[in-house]
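> what would the 3D arrangement of this be:
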Amino acid sequence: MIARSSSHGRSSDDQCVPGSTGRSEAPSHLHYSGRSRAFRDQGPTTSGLSLIAGVNTSDNDAGVTLAAADRPPAATPADSAWAVETHGLTKRFGANVAVNDVELLVPRGCAFGYLGPNGAGKTTLIRVLLGLTHADSGTMSLLGYQVPKHRDVALARVGAIVDEPRFHGHLTGRQNLQILAAAREPAARDRIGPALERVGILHRADDKVSKYSMGMRQRLGVAACLIGDSELLIFDEPMNGLDPAGMRETREMILSLVAEGRTVVLSSHLLDEVERTCDAVAIVDRGSVIRQGPISELLAGASFELQIECSEPDRAKALLDATSVGGHAETSPVGLGITMPTGTTRDAIAEINRVLVEGGISVYRLQEMQASLEAWFLQVTSRLGETE
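Next up is the predicted model:
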């Protein structure tokens with residue numbers, strides 16, 4: 001495992017689906033609608049944990065490589081629908097609460113975004129989940145295995161990149177993966193070639209990593225996760241430092257990993273990319289999860305803009321201002337843009353159209369523009385600030 005440590009591009013039918021919920025039911029405010037999944041033919045690896053840390057776990061700036069022995073006798077996981085499940089998870093650094101009573105449910109087989117500004121506690125949560133730092137209170141499980149009780153068993157099925165992947169620059173990409181595979185079961189070595197091909201850098205596998213771009217190092221990091229045939233992949237800010245082409249390639253790679261039946265959790269503050277990539281999200285601020293659920297359902301409760309192309313925009317605005325239909329209208333050279341509040345019904349939209357037509361305004365186009373994830377995020381966080 002490697003640890004370094006927009007309109008929404010997914011259709012409404014392409015959402016996360018938890019399988020049998022077993023003992024773990026979603027809170028009443030959460031609902032994950034259906035998604036068909038294609039599972040891999042190959043079962044989970046029987047290897048132990050292998051981890052590359054690009055973040056500092058000591059005072060030096062070098063990456064840290066950890067490896068555990070082969071997986072201990074198997075523990076039986078709970079029949080859980082969740083790839084990641086936490087309850088009351090808390091981590092403190094002195095007086096600073098970095099992870100604050102987090103309740104998080106990540107369905108299996110989806111792309112899940114963990115969103116928040118820099119310093120919100122995203123990376124700390126990932127480090128707690130991976131056992132890179134301990135929790136002060138709460139419970140957590142990965143793929144149905146309680147951690148830290150069954151940490152080795154769980155992490156044998158997890159691949160993660162925390163901060164950024166670090167490799168030996170004087171070695172080739174293939175040689176770096178061979179070093180990692182040596183700490184795993186024999187089958188891991190056989191997965192090196194397919195993993196490099198899978199992430200699209202097989203043609204550069206025998207070049208030194210020092211000659212790789214940031215995007216190629218990211219892809220090599222994913223390949224390192226795949227040599228363990230990981231079911232759960234956790235990426236911390238995977239788009240950081242990438243140019244637009246690199247972002248698109250990373251997005252497509254993540255979507256293809258999910259299509260194979262894997263679960264991908266990514267932390268980010270790049271809301272547009274998350275909206276293009278993820279099925280569901282959790283919003284974190286100052287260590288606390290303030291909202292979570294499928295993106296389509298979260299945005300359905302947001303305000304939206306009604307765009308109207310019409311004749312006489314100024315008179316059209318005056319007509320609407322004289323009524324009680326609601327919304328804030330602004331004129332443009334071709335019509336009106338009306339910001340409608342949360343909970344606006346279709347009948348209200350029809351009433352706007354009726355008022356304009358009966359007032360002698362020709363309506364050429366009327367279109368509801370759903371709020372973006374960024375706009376919704378700003379609404380939620382600004383309301384949160386108003387209550388403090």
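> avg pLDDT for the helix or strand hosting residue 282?
Assignment of secondary structure by DSSP states H and E places residue 282 within strand 280-285. For strand 280-285, mean pLDDT rounds to 89.
> can you get me a residue count around residue 354?
When neighbours are counted by other Cβ atoms under 10 Å, residue 354 registers 13. Every residue, glycine included, has its C-beta placed from N, CA and C.
> actually residue 305, not the one I wrote
Residue 305, neighbours per other Cβ under 10 Å, totals 18.
> repeat for the one 5 residues further on
Residues lying near residue 310 (other Cβ under 10 Å) number 20.
> who does it bridge with?
Under DSSP bridges, the beta-bridge partners of residue 310 are residue 363.
> let me know the pLDDT of it.
93.
> residue 155 versus that one, what's the distance?
The gap separating residue 310 from residue 155 is 59 Å, by Cβ to Cβ, to the nearest Å.
> do the same with residue 321
Taking Cβ to Cβ, one finds residue 321 at 60 Å from residue 155.
> more neighbours: which of those two?
Neighbour count, other Cβ under 10 Å: between residue 321 and residue 155, residue 155 has more, with 29 against 10.
> quick one: the strands in the stretch 101-250 of the chain, in order.
Secondary structure of the stretch 101-250 of the chain, counting by DSSP state E, counting those that start in this stretch: strands at 111-115, 137-142, 145-147, 158-161, 232-236.
> of those strands, which is nearest residue 187?
Comparing the strands of the stretch 101-250 of the chain by their distance to residue 187 (Cβ to Cβ), the top pick is strand 158-161, with 15.1 Å.
> using CSV, write out every CA atom in that closest one.
Provided in CSV are the C-alpha atoms of strand 158-161 (Å, rounded to 0.1, in the frame of the first residue of the first chain):
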residue,chain,number,x,y,z
VAL,A,158,-6.0,-1.3,1.0
GLY,A,159,-3.8,0.9,-1.2
ALA,A,160,-3.2,4.5,-0.2
ILE,A,161,-1.2,7.6,-1.4
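> quick one on the thing from earlier: out of the strands of the stretch 101-250 of the chain, the one nearest residue 304 is which?
strand 111-115 (20.1 Å).
> list the buried residues of the closest one.
Neighbour counts over strand 111-115 (16 or more other Cβ atoms under 10 Å) mark 111, 112, 113, 114, 115 as buried.
> out of these, which is nearest to residue 341?
Scanning the buried residues of strand 111-115 for proximity to residue 341, where the rule is Cβ to Cβ, the winner is residue 115, at 23.5 Å.
> how about JSON lines for the strands of the stretch 101-250 of the chain, with distance to residue 339 and mean pLDDT added?
Output for those, formatted as JSON lines (distance: least, Cβ to Cβ, whole Å; pLDDT from 0 to 100):
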{"stretch": "strand 111-115", "distance to residue 339": "23", "mean pLDDT": "92"}
{"stretch": "strand 137-142", "distance to residue 339": "40", "mean pLDDT": "95"}
{"stretch": "strand 145-147", "distance to residue 339": "45", "mean pLDDT": "91"}
{"stretch": "strand 158-161", "distance to residue 339": "39", "mean pLDDT": "92"}
{"stretch": "strand 232-236", "distance to residue 339": "35", "mean pLDDT": "93"}
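> worst-scoring helix or strand of this structure, pLDDT-wise?
Ranking every helix and strand in the chain by mean pLDDT, DSSP states H and E puts strand 64-67 at the bottom, with a mean of 32.
> tell me which residues touch the spatially most central residue of the chain, please.
Nearest to the geometric centre of the chain sits residue 113, at 1.8 Å (Cα atoms, centre = their mean). Counting by Cβ atoms under 8 Å, 6 or more residues apart in numbering, residue 113 touches 265, 266, 267, 268, 274, 277, 278, 280, 281, 282.
> closest one to residue 299 among the strands of the stretch 101-250 of the chain?
Across those, closest to residue 299 is strand 111-115 (Cβ to Cβ), at 13.1 Å.
> between that closest one and strand 280-285, how many degrees?
10 degrees (axes from the mean of the first three to the mean of the last three Cα atoms, to 10 degrees).
> quick one on the thing from earlier: in TSV: the buried residues of strand 111-115, plus distance to residue 193.
Shown next, in TSV, are the buried residues of strand 111-115 (distance: Cβ to Cβ, whole Å):
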residue	distance to residue 193
111	26
112	29
113	31
114	32
115	35
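> return the member of the residues you listed nearest to residue 105.
Proximity of these to residue 105 (Cβ to Cβ) peaks at residue 112, which lies at 9.4 Å.
> distance of the closest one relative to residue 292?
Counting by Cβ to Cβ - residue 112 and residue 292 are separated by 9 Å.
> what touches both of the two?
280, 281, 282.
> so which of those residues comes closest to residue 317?
So of those, ranked by how close each gets to residue 317 (Cβ to Cβ), first place is residue 281, at 35.4 Å.
> now the closest one: closest residue in space that isn't a chain neighbour?
Spatial nearest neighbour of residue 281, excluding adjacent residues (Cβ to Cβ, 6 or more residues apart in numbering): residue 113 at 4.1 Å.
> could you measure from the one you found over to residue 251?
Relative to residue 251, and taking Cβ to Cβ, residue 113 is found at 12 Å.
> ditto for residue 365
Using Cβ to Cβ, residue 365 is found at 31 Å from residue 251.
> who's more crowded, these two?
residue 251 (20 against 10).
> for the more buried one, helix, strand, or coil?
Counting by DSSP: H, G, I helix; E, B strand; the rest coil, the backbone at residue 251 sits in helix.
> so what's it closest to, chain neighbours aside?
For residue 251, ignoring the flanking residues on the chain, the nearest one in space by Cβ to Cβ, 6+ apart is residue 277 at 4.9 Å.
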